[in-house]
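A.B. asks: Structure, please.
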Amino acid sequence: MTDSPRHSAVVRITHWINTLCFVGLLVSGIAILLAHPRLYWGETGNVETGSLIDLPLPFVLTGQTGWGRSLHFLSAWVCVLDGLLYAGTQRFRANPLYDVPQRITYLVVVSVVFPLMIWTGLAMSPAITSVFPDIVRLLGGQQSARTIHFFVAAFLVLFLAVHVTMVYRAGFVNHMRAMITGRER
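C.D. replies: Residues are numbered from 1 along each chain as shown. Have a look, this model is predicted:
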């Protein structure tokens, strides 16, 4: 058995940076959500108003979501910049190992899901919406943006679970070797 090239250094590095960013986004997103596990539609929502969805999570009202928001913000921007570098590799057209459903799925994630995640994230930022109010107005308000952001995040977690399952079923050790060393057997 000989090793054959599979992934360039740029693909491998951006993949692992994206993995770290995803972990940071997931941990910080959960911390932010636990501070107020209720979802609303419209511009405002608080414990005094009715919610659209009460998530079956405990309220962790510590008032200390600053670290979560900071980590979320940092991880999101690193992920965006990393994604732009990755997209610059034209990975989707260059890799004949992806079949048509995989190509379509990745295309939808990259061209629809990620932009929606970025848009809803920016729509929750008062600094951004003070300059670009239409970014949140088009979504129906900051709480609507938060609700959409939550469901898009849930979709991405499901996508990740399917991705890892597919890697496992296709030969975990060989695929991990390829994503670490760039070569497979």
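A.B. asks: Can you report how many residues lie near Ala35?
C.D. replies: Residues contacting Ala35 under the criterion other Cβ atoms under 10 Å number 15. Quick note: C-beta positions are derived from backbone N, CA and C, even for glycine.
A.B. asks: Just give me the neighbour total for the residue nearest to it when sequence neighbours are not counted.
C.D. replies: Nearest non-adjacent residue to Ala35, counting by Cβ to Cβ, 6 or more residues apart in numbering: Thr65, 4.5 Å away. Neighbourhood size, Thr65 [other Cβ under 10 Å]: 18.
A.B. asks: pLDDT of the helix or strand where Leu74 lies, averaged?
C.D. replies: Taking DSSP states H and E as the definition, Leu74 sits inside helix 66-87. What helix 66-87 shows for mean pLDDT is 91.
A.B. asks: So which bits of that helix are buried?
C.D. replies: Buried residues in helix 66-87, counted by 16 or more other Cβ atoms under 10 Å: Gly68, Leu71, His72, Ser75, Ala76, Val78, Cys79, Asp82, Gly83, Tyr86.
A.B. asks: Would you tell me which helix is longest in the chain?
C.D. replies: Taking DSSP state H as the assignment, the helix of the chain that covers the most residues is helix 142-181.
A.B. asks: what's whichever helix or strand comes after that one packed up against?
C.D. replies: Next in sequence after helix 142-181, counting helices and strands by DSSP H and E, comes strand 183-184. Helices and strands touching strand 183-184, by 3 or more Cβ pairs under 8 Å, 6 or more residues apart in numbering; DSSP states H and E, are strand 4-5, helix 142-181.
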